[in-house]
Each structure stands twice: as C-alpha cells, then as structure tokens.
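>>> Quick one, what's the 3D model for this:
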Amino acid sequence: MATNGVATQQTLQPILAAVETMQGNVDRARKEQAVQFLDKFQKTSEAWNVTFSILHTDSVNDQSKMFAATTLKGKIVYDLHQLPRAALLTLRDSVLSLLKQYRAGPKPIRTQLCICLAQLAIQVLEWKDVLPLINSTLGTTEASSISCILEFLKILPEEVTEGRKFNLSEEDLIARTKELLEDNAKQVLQFLSHYGTSSATAAQDPQLMDCIQSWTREIPVAEIINSPLFQVLVAALDAPESFDPAVDCLCTMIRETRDVDENLAAINSLSEKVLALRPRTATASQEEDTELFNGIARIFAEAGDNWVLLIAREPILFRPLVEAILETAALDKEKESVSHTFNFWYELKQYLTLERYQNARLQFMDVYSKLVDVMITHLEYPKPESGNEKDLFEGDREAEEKFREFRHQMGDVLKDCCEVLGSTECLAKPYNLIEAWVRDYGGQAVANNVPNWQALEAPLFALRSMGREIPKDESIMLPRLIPLIVQIPDHQKVRFQAVMVLGRYTEWSAQHPETLQPQLTFIIEQFSHPSKEVKQAAALSFKFFCTDCAELLKGEVAQLQQFYAGVVDSLSSDSQEEITEGVAAILAKQSTDQIYNGLRAFCTPVVQSIVARSQVAVTKEDKVAISDKVQLLTIFIQYVQLPYVESGEHPAVKYCQEIFPILAEVASKFPESVPLLERVCRCWRYMVISYRTAIAPLLPELATNLSNGFNTSRQGCFLWATDSIVREFNDEAEGVDPQFPQAVYSFYEQQATTFLRVLNDLPPDELPDVIEDFFRLSQDILIYHSNRAFHSQLMESIVSAATSCLAILKEEPLMATLHFLRDLLGFGQESSPFSSFDQPNRQVPHDTRQTVHQMVMVQGMQLTQRLLTGMMFTFPQNCYPDASGVLLGLFQLVPQQAAEWLKATLALVPDGSVTVQEQEVLLRKINASIASGEVRGIRTLLQDFTNQYRRRNVAPREGLGRLEATRFRFAG
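Predicted coordinates:
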C-alpha cells in the first residue's frame with residue numbers, strides 16, 4: 001500500500017512465478033505447491049504492499065494483475081484488522097486511484113476493484129461522501145468513467161445486502177446500510193434517469209438495466225415507475241442488445257410488488273406494460289425467435305407468480321394475464337419456456353381450491369381445461385426426422401434426460417388441474433385421446449409396430465401422473481379406462497406406461513375388486529416381456545397391487561408362491577426386492593398358524609440359493625449376489641411382523657432360529673465382504689425390531705455372533721445390529737426377564753472394549769462408519785441403560801475416545817459423536833436430557849451428576865480444544881450447532897473452568913489469525929454472560945466468533961501446531 005512503501009522486484013518475483021505456475025501447463029504437484037504458497041501469501045500482512053505493486057506495474061500480465069485484485073478484495077473483506085484504523089482512508093484513496101487507472105478495463109480487474117471499494121464503503125464508517133467522492137474522482141464525461149460508476153453502483157447494493165462477510169456489529173450494519181442505500185436512493189435514481197435519457201445509446205445500455213435491477217430493492221418501485229427511467233426500461237425491451245437485462249430488470253420490479261395490497265398503483269402500471277407484450281409471443285413463436293419468446297414468457301410467469309392473490313380476487317380483471325400465460329405454454333415449441341409457468345399454475349390452484357375463491361375457480365375452469373390439453377400435447381415423445389424409433393432424440397442424451405425430467409414436472413401441473421377441475425373431467429381427456437387413437441390406428445397395430453404410438457403413450461403418462469389426485473371412490477371414468485388399458489398394444493414404451501398406470505391406481509382397485517383379476521393377469525404376463533424396462537415396471541406395479549390389495553389376495557398364497565419361485569431369479573435385484581415386498585405383504589395377512597409354513601414356502605428357495613452361492617462364491621460380484629438374496633429374507637422379516645403371540649412358540653421366531661445358523665456361517669465365511677456383512681446384520685437387526693422381546697430365545701446366539709463378527713471384521717454394521725438389542729431389552733420393557741438388561745449391558749461393554757482397541761490401533765479417519773455406529777449405539781445406552789453406563793469403568797475411556805474422534809473430517813461420524821457428548825453432558829444437570837411421561841424418572845441421580853462432573857474436570861480442557869478447533873477449522877457447517885451445544889453444556893456445568901479452558905485454547909491459535917483485542921472482547925462477553933446467569937448466550941457468541949474466524953481464514957491454515965489432535969490411547 002502506498003503508505004507503507006512499495007514491494008521490491010525481489011519480493012514480487014516469487015509471487016508472479018507462482019501465479020504463472022498455477023495458471024500454466026505444468027504438472028499437478030507443482031500446481032498444488034504454487035496454490036499452497038499463494039494461499040499462505042494472501043493471508044500475510046505483506047500482501048497489502050505486493051498487490052498494489054503488481055497492479056501499478058505496467059509490465060505485469062493481466063493474469064497476475066487479476067490475482068492481485070482478487071487478493072486485495074480478500075484482504076479488505078477479511079484482513080482489515082491487520083491495518084491501523086487511521087490508515088483506512090488512505091487505503092480507500094489508493095483503491096480509488098487504482099479504479100480510476102483501470103476504469104477502461106480489463107473488466108474483470110475493474111469488477112474486483114469495484115467490490116474492494118464497495119467493501120471499504122461498508123466497513124470504513126468514517127467515509128460519509130461515498131457517491132460524491134467516486135463521481136468526482138472518476139468523472140462523468142468519459143464513457144469509460146460512466147461505465148465504471150455504473151458497475152460500482154450495481155455492486156454496492158449487492159455487497160451490502162448479500163455479502164455479509166464484514167466485521168460490523170448489527171447496529172453499525174443497520175446504520176451503514178441506511179447511509180449507503182436508503183439515503184442515496186434518490187441521488188442514484190436521478191443519476192440513472194439523467195444517463196438513461198441522455199442518448200439512444202445510453203437508453204439501450206445493458207449496464208444501465210443491470211444497475212436499475214440492483215437498486216430496485218432499495219428504490220420504491222412506484223418511484224421508478226413515475227420517473228423517466230421506466231419508459232427507458234420499457235423501450236429497452238425492443239432492442240436486442242438490452243432485451244435480456246431489461247427482462248431481468250422488469251422481473252425484479254414485478255417481484256418487488258408481491259405485497260399486492262401495498263403496491264396496487266404500481267401493479268396497475270406494470271400490468272398495462274406487461275400485457276402490451278402479448279402480441280409479440282405469437283410473432284416470436286412463428287419466427288422461432290426463442291430468446292424473445294422465452295423472455296416474454298418469463299415476464300408473464302413472474303407477473304402471475306407475484307400477483308396471484310390479485311388474480312384470485314379479481315379473476316375477470318386479470319383474466320388476460322392468465323390467458324397470456326396459458327398462451328405461452330401452448331405456443332412453446334421448444335418446451336423450454338413452459339416450465340416458467342409451472343409454479344404459477346400451482347400457486348393459483350392453491351387459492352382456487354379455497355372456499356372463498358370459488359367464483360374465481362368457476363372463471364378459470366376453462367383455462368385449466370385447456371391447460372390439460374396443452375400439457376398432454378407437450379408430453380408426447382418427439383418423432384425423429386431420421387425415422388429411427390430406437391433413437392428418438394437422435395443421439396442428444398442431454399435433451400433426452402431433460403425431457404424425462406420435464407415430463408414429471410408437467411405431471412405435477414396435471415395434478416393441479418385435477419384439484420381445480422375434478423377427477424372426472426381430467427380423466428375424460430386422456431380417455432378420449434386413447435379412444436381416438438384406437439379408432440384411428442387400433443386396427444393397424446401389431447406387435448412392436450404401433451403407428452403414432454406417441455399419441456397413445458402421452459395420455460397414458462397423463463393418467464399415471466393424475467393418479468394421486470383421483471379419489472378411491474371415482475366411479476365414472478376409471479371403470480371405463482381400466483378395461484381399455486389392459487388391452488393396450490405391445491410397444492415397449494406404451495406397454496411400460498400401461499403397466500405403470502395400473503400400479504398407480506391400486507388403492508382404487510382395492511375398492512373395486514371386480515377389476516382386480518384382469519389387471520393382475522395383465523401385469524403378471526409382463527414378467528415374460530423381452531423389455532427390461534417393462535419387467536421393472538411390472539415388478540413395481542405388482543408390489544403396489546399386493547400391498548394395497550393384500551386383503552383381497554390373501555387367499556391366493558399358493559399360486560403366488562409358485563409364481564414367486566418361478567420369476568424371482570430372472571429379475572434385477574431391485575425388482576426382486578419389489579416382488580418380495582408384494583408377496584410378503586400378502587403373507588403378513590395370513591393367520592398365525594399359517595405364518596411358519598408360509599415363511600418356509602416362500603423363503604426356502606431363497607435360502608437354498610444363499611447356501612449354494614456361498615459354497616462357490618469367489619469374486620466380489622458373487623458375494624454381492626448372496627447379499628441381495630439375504631436382503632430378500634430381511635424383507636419377509638420386515639413385513640411379517642408378529643411382536644406378540646398369545647401362547648405357544650412364536651412361528652416367525654421359530655423360522656428365524658432355523659435360518660440363523662446359515663446366516664451366521666455366511667458372515668463368518670466372508671468377513672471381508674462389507675456389503676454381505678451389512679445385509680446379514682440388517683437381517684438380524686430386523687429380527688429384533690419385528691419380533692421384539694419374542695426374539696429372546698435367539699438372543700444369546702445372536703449376541704455371540706455379533707460380538708465375534710465385530711471382533712473379526714471391525715465393521716460398524718455389527719454395532720448397528722447391537723443397537724436394536726440395546727433399545728429393546730431394557731429395564732422398562734414389558735415381558736423382559738429381569739436378568740436380560742444386565743446381560744445386554746455386559747454385551748455392550750464387550751463391543752465397546754473392542755471398539756476402543758480398534759481406535760487405539762487405527763486413526764479415526766480410517767474408521768468413519770465404525771465411529772458413527774458406535775456413538776449412535778452409545779447414545780442409546782445413555783437412554784436405556786444410563787443407570788449402568790455411568791458406573792462403568794469404561795465410560796471415561798469412551799469420553800476420551802469421543803474427544804479424539806472429533807478430529808475426523810466426515811460429517812456423519814462427527815454428528816454421532818457430538819450427539820453422544822451433548823447427551824452425556826445433559827446427565828450432569830438435574831433433569832435428564834431425554835423426555836419421559838414419567839416425570840420423576842427425569843430426575844438425574846446425584847451420583848450420576850457427580851460422575852459427569854468428574855469426567856468433565858478431567859477431560860474438559862482437551863474437549864474444549866477439539867471443539868473450538870473443529871468449529872474454527874475442520875467441522876462441516878452442519879456440525880456447528882451441535883458443537884456449540886457441547887460447549888454450552890460445558891459452560892452450564894462448570895462455567896468458570898470452561899471460560900479458562902476457552903482462554904487457554906485461544907492462546908494456541910496460529911499467530912495473527914485473531915487479534916488480542918478480538919480475544920479480549922470475546923472473553924469479556926463470555927464472563928459477562930456467566931456473571932449474569934445468561935449462559936445460553938455464550939453459544940451464540942462462540943458461533944459468531946468461529947464463523948467470523950472461518951470466513952477470514954477461508955481454508956484451514958497450515959501448521960496448527962499445538963492445536964493438532966492427539967491420537968487416542970487405550971490400555972484395556
């Protein structure tokens with residue numbers, strides 16, 4: 001910076017060389033080294049001088065100057081604390097001088113300097129004459145100067161309202177915002193009006209439009225409308241070079257009138273200009289001017305979205321606007337602009353379906369009726385010019401994917417139409433289209449050769465989309481549609497939609513059993529279809545039929561078992577799961593005395609496949625295939641739930657006991673196959689969840705295998721399965737042997753000891769899933785077995801392990817660890833952190849509170865270091881609330897000690913990253929909160945402090961030194 005001297009060439013050379021390396025064609029290692037060097041440089045105090053020197057040196061290339069301008073912006077945003085307050089006005093003058101130097105460009109450098117100046121305007125509170133000084137410095141006679149002023153004016157409101165990276169108090173920010181924006185609004189409006197009316201070139205200047213848009217949030221829309229600027233804006237819609245920014249600007253103005261009752265006069269003026277654009281939509285469509293068409297469609301849609309309440313109140317007055325929106329949807333040949341209207345149809349529907357707007361609903365019934373026709377037309381697949389039916393999009397895969405997504409959005413619009421029009425009228429439209437196709441082309445259709453199939457497939461897709469809005473008692477159209485659908489000709493895409501339609505109306509079919517058999521027959525026939533997609537559709541629809549119509553189909557178990565055994569191996573893994581869910585839902589409807597035989601009949605082929613495959617499995621794919629079969633067993637256990645049986649042996653548990661040794665052998669045979677182990681553990685977990693305490697006879701064997709499995713494989717899935725036992729077998733569970741809870745806790749300690757040994761051998765980064773599963777398990781131990789947990793000799797080691805695990809970078813294990821710590825500290829309070837209907841049970845025993853206090857006093861310093869370091873450097877953003885919650889827990893238990901730990905931690909942060917004054921301010925506020933008893937406010941103080949720190953140090957700084965995490969050690 002000018003006041004501190006100029007960087008020498010010797011200082012500049014390594015910086016310029018690093019920039020050249022970073023942007024040059026060199027190997028990755030050298031690039032990374034250059035990036036690290038520059039990253040460290042940007043945070044140093046020397047960077048101030050160097051950036052100014054680079055920007056003032058004519059011989060330096062534009063790339064290096066751009067790096068310098070970007071660095072200067074970062075210094076002003078994050079590092080103003082490195083300069084004395086008295087130097088800030090000098091810094092402002094230096095930046096202004098640079099901006100004047102670069103007012104003609106290059107534009108990217110000029111933009112960065114404008115941001116620098118805007119940030120200084122925000123943070124240098126002593127600077128009162130922001131706009132006059134900039135105008136007088138840059139001048140208003142040269143085109144380049146005016147262009148530079150316009151760019152600064154555009155950027156200033158954006159930085160004030162959206163930047164939010166400045167270090168100002170809330171009071172100072174509010175006052176500064178008023179000074180910079182509200183107090184300058186009239187001056188800016190006059191300047192822009194004067195410039196916009198000064199010449200034809202100025203009136204069509206895209207920068208002018210961008211500037212108006214930026215200030216629209218600050219200048220009342222009514223004032224813009226009443227100024228000469230509004231006519232300039234409207235006229236700019238006629239000029240190609242200013243059309244797009246003018247559209248953006250007009251849309252922003254419309255958005256600012258969304259509080260319709262406060263802006264009626266402005267809306268009247270705007271709506272007149274908006275509707276005047278309507279004749280241009282037809283012209284743009286005919287001339288295939290997609291840019292013009294899309295811009296006008298955006299304006300119409302924006303007006304509809306923001307004035308929808310007025311449209312519902314005054315349907316006759318605003319009908320031309322609604323018709324204009326419908327027209328843009330109908331005329332959109334490229335299917336690009338219609339998406340702008342989707343939200344409007346939804347928002348209008350929300351009002352029209354209310355009782356008070358029934359008159360408006362009647363007024364717009366015909367519009368929504370036409371909208372159904374428009375949507376179904378747009379749903380049609382394209383007809384390729386090449387005639388190649390196998391490549392409808394002629395190789396354009398992006399267009400194909402976009403069309404698929406687009407169809408589902410249009411399906412949502414059709415749902416909206418159903419709510420407005422009613423199901424009968426909406427269903428009648430695709431029915432009529434299908435009937436028309438049958439009349440015109442039905443006689444010409446043969447297998448795999450269906451003429452004009454697009455016109456048949458689209459109404460089928462529409463029927464599928466409408467399904468959710470059709471009531472189960474619909475009795476007019478569906479009884480006519482269903483028989484028509486099951487006769488649909490065999491074309492892959494048409495047949496796919498037909499099957500999916502039937503699957504969408506299974507709840508209706510459950511109320512109309514007379515239609516069930518032909519539908520089910522049609523779907524089952526599709527399992528032999530040559531198309532993989534049709535088979536997948538059949539499996540999904542079969543699942544819905546079985547789950548929704550299980551009561552009607554429970555007498556067909558024998559036939560379904562035969563069908564299941566015959567097709568399951570021929571399907572993809574997803575489809576296998578879907579048909580398994582279907583038959584399992586029907587099996588669950590059988591009487592208790594039929595459950596055991598039913599499970600054996602359906603599951604025996606699956607078990608036999610598992611046994612056979614496990615004997616020859618070698619490759620990864622072989623083991624994944626076994627895991628897929630295990631998943632089918634899990635589905636049966638999930639669906640066939642019998643938590644209690646009044647007397648005698650539990651039939652499902654009896655079958656679980658039969659297959660358990662097979663699953664245990666598979667798990668022990670392939671300890672290295674994570675997918676297989678996870679599926680086996682998932683199966684065991686659902687045995688406990690589905691049959692609850694009835695699974696007790698299997699518990700010893702299950703616990704042994706879970707313990708051995710975790711000890712051998714070190715996979716977290718065994719802890720996940722253990723958690724289901726911990727939750728189910730506790731002291732308050734009904735019908736549990738009194739000895740079981742203690743045995744379950746001892747089992748947990750076995751798993752915990754294994755975990756601590758694993759963590760002793762490996763760093764946390766190598767155990768993310770295990771850490772997550774263990775601390776989820778330990779959290780449930782605190783809920784269901786707290787009376788034992790806090791008397792355990794392991795608990796102190798577990799807390800130490802949790803502290804160590806806070807060094808991990810992955811979000812899920814961090815969240816699990818933080819949740820565990822929050823709950824553990826909660827037991828240091830008088831009331832338990834967990835809710836209970838039995839209020840006396842919420843009182844935490846005195847000895848438990850004492851135990852928690854003792855652990856905190858031993859490990860509080862290390863825990864505070866890890867938490868604060870994580871919040872400043874490494875934690876993902878979603879972890880901040882829980883991390884600050886743990887720190888709050890420490891302050892609630894031992895406020896004075898926690899404040900000392902925090903002070904000691906702040907003393908260890910890298911030099912220069914936090915000023916002494918900032919530390920003192922934070923500690924003073926924290927001590928004030930402690931003294932006043934408002935400890936909860938400390939959480940906000942810590943979040944604000946660490947957020948500010950992270951913003952200033954965008955990436956974790958090199959060399960954390962004494963704050964680096966220490967490895968966990970366990971001697972047990």
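>>> For Val274, see how far away Cys211 is.
Distance, Cys211 to Val274, using CB to CB, to the nearest Å: 22 Å. Yep, even glycine has a C-beta here, placed from its N, CA and C like the rest.
>>> More neighbours: which of those two?
Neighbours per residue (other CB atoms under 10 Å) separate Cys211 from Val274, with Cys211 holding more: 27 against 23.
>>> Need the pLDDT of that one.
We have a pLDDT of 94 for Cys211.
>>> ok, residues contacting the helix or strand where it lies?
Taking DSSP states H and E as the definition, Cys211 sits inside helix 206-215. With contact meaning CB atoms under 8 Å, 6 or more residues apart in numbering, helix 206-215 is reached by 147, 150-151, 153-158, 185, 188-189, 192, 195-196, 202, 224, 229, 232-233, 236, 241-242, 244-246, 248-249, 252.
>>> quick one: that helix to chain centroid distance?
Relative to its chain's centre, helix 206-215 lies at 32 Å (CA atoms, centre = their mean, to the nearest Å).
>>> and if you look at stretch 801-820?
So, by CA atoms, centre = their mean, the centroid of stretch 801-820 is 22 Å from its chain's centroid.
>>> can you check stretch 930-939 too?
The answer for stretch 930-939 is 34 Å, by CA atoms, centre = their mean.
>>> same thing with stretch 700-711?
Relative to its parent chain, stretch 700-711 has a centroid offset of 37 Å by CA atoms, centre = their mean.
>>> Next, the buried residues of that stretch.
Residues of stretch 700-711 classed as buried: 702-703, 705-710 (neighbour count, 16 or more other CB atoms under 10 Å).
>>> Would you map the helices across the stretch 501-650 of the chain?
Listed in chain order, the helices of the stretch 501-650 of the chain (DSSP state H, counting those that start in this stretch) span 506-511, 516-525, 532-548, 550-553, 557-567, 573-587, 592-616, 620-639.
>>> nearest to His853, of the ones you listed?
His853 lies closest, by CB to CB, to one member of the helices of the stretch 501-650 of the chain: helix 620-639, at 43.4 Å.
>>> Quick one: list the elements packing against the helix or strand hosting Leu117.
Take DSSP H and E as the rule and Leu117 turns out to sit in helix 107-123. Counting contacts by 3 or more CB pairs under 8 Å, 6 or more residues apart in numbering; DSSP states H and E, helix 107-123 packs against helix 62-78, helix 88-101, helix 143-158.
>>> Also compute the angle for the shortest one relative to helix 107-123, please.
To tie it back to what came earlier, the one meant is helix 88-101. Helix 88-101 and helix 107-123 are oriented at 160 degrees to each other (axes from the mean of the first three to the mean of the last three CA atoms, to 10 degrees).
>>> I'd like the helices of the stretch 501-650 of the chain written out as a markdown table, with mean pLDDT added.
Shown next, in a markdown table, are the helices of the stretch 501-650 of the chain (pLDDT from 0 to 100):
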| stretch | mean pLDDT |
| --- | --- |
| helix 506-511 | 96 |
| helix 516-525 | 95 |
| helix 532-548 | 97 |
| helix 550-553 | 94 |
| helix 557-567 | 94 |
| helix 573-587 | 97 |
| helix 592-616 | 95 |
| helix 620-639 | 96 |
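>>> Now do the helix holding Cys211 and helix 143-158, the angle between them.
Using the same axes, to 10 degrees: helix 206-215 against helix 143-158 is 20 degrees.
>>> Now the element after helix 206-215, going C-ward?
helix 221-225.
>>> which is the next helix or strand following that next one?
Taking DSSP H and E, what comes next after helix 221-225 is helix 228-236.
>>> Please point out which parts of that following helix sit buried.
229-230, 232-234, 236.
>>> so what secondary structure elements neighbour that helix?
helix 185-196, helix 200-203, helix 206-215, helix 240-255.
>>> pull the CA atoms of it into PDB?
The C-alpha trace of helix 228-236 is given here as PDB (Å, rounded to 0.1, in the frame of the first residue of the first chain):
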ATOM      1  CA  PRO A 228     -38.300   8.900 -16.900                       C
ATOM      2  CA  LEU A 229     -36.400   5.700 -16.200                       C
ATOM      3  CA  PHE A 230     -39.400   3.500 -16.500                       C
ATOM      4  CA  GLN A 231     -40.100   4.400 -20.100                       C
ATOM      5  CA  VAL A 232     -36.400   3.800 -20.800                       C
ATOM      6  CA  LEU A 233     -36.800   0.400 -19.400                       C
ATOM      7  CA  VAL A 234     -39.900  -0.500 -21.400                       C
ATOM      8  CA  ALA A 235     -38.300   0.800 -24.600                       C
ATOM      9  CA  ALA A 236     -35.200  -1.300 -23.900                       C
END
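>>> what's in contact with that helix?
189, 192-193, 196-197, 203-204, 208-209, 212, 224, 242-243, 245-246, 249-250, 269, 273.
>>> angle of it against helix 206-215?
Counting by the same axes, to 10 degrees, helix 228-236 points 130 degrees away from the direction of helix 206-215.
>>> And helix 228-236, how far out from the chain middle?
With CA atoms, centre = their mean, you get 40 Å for helix 228-236.
>>> ok, now stretch 815-835?
On CA atoms, centre = their mean, the centre of stretch 815-835 falls 28 Å from that of its chain.
>>> again with stretch 315-330
34 Å.
>>> Report the buried residues of it.
Using 16+ other CB under 10 Å as the test for burial, stretch 315-330 gives 315, 318, 321-330.
>>> wait, isn't Thr946 in contact with Tyr880?
Yes - applying CB atoms under 8 Å, one finds Thr946 in contact with Tyr880, separated by 7.3 Å.
>>> Which one of the two is surrounded by more residues?
Thr946 (22 against 18).
>>> Going by neighbour count, list what's buried in the strand or helix carrying that one.
Per DSSP H and E: Thr946 is located in helix 937-952. Residues of helix 937-952 classed as buried: 937-939, 941-943, 945-946, 948-950, 952 (neighbour count, 16+ other CB under 10 Å).
>>> Narrow the contacts of helix 206-215 to just the buried residues.
Judged by 16+ other CB under 10 Å, buried ones among the contacts of helix 206-215: 147, 150-151, 153-157, 185, 188-189, 192, 195-196, 202, 224, 229, 232-233, 236, 242, 244-246, 248-249, 252.
>>> re the thing from before, now, the buried residues of stretch 700-711 that are in helices?
Of those, the ones assigned to helices by DSSP state H are 702-703, 705-710.
>>> Output the contacting helices and strands for the helix or strand harbouring Leu756.
Assigned by DSSP H and E, Leu756 belongs to helix 739-761. Counting contacts by 3+ CB pairs under 8 Å, 6+ apart, helix 739-761 is packed against helix 699-713, helix 717-728, helix 768-784, helix 786-789, helix 795-805.
>>> same for the shortest one, what does it pack against?
The one in question is helix 786-789. helix 739-761.
>>> and which of the buried residues of stretch 315-330 is nearest Pro697?
Nearest to Pro697 among the buried residues of stretch 315-330, with distances taken as CB to CB, is Ala329, at 64.2 Å.
>>> Compute the distance between that closest one and Pro518, please.
Noted for Ala329: a distance of 37 Å to Pro518, by CB to CB.
>>> quick one, phi/psi of Asp332?
phi -80, psi 90 (degrees, to the nearest 10).
>>> what's the spatially closest residue to it that is not a sequence neighbour in contact with, if anything?
For Asp332, ignoring the flanking residues on the chain, the nearest one in space by CB to CB, 6 or more residues apart in numbering is Val338 at 4.4 Å. By CB under 8 Å, 6+ apart, the contact set of Val338 is 297, 328-329, 332, 374, 378, 410.
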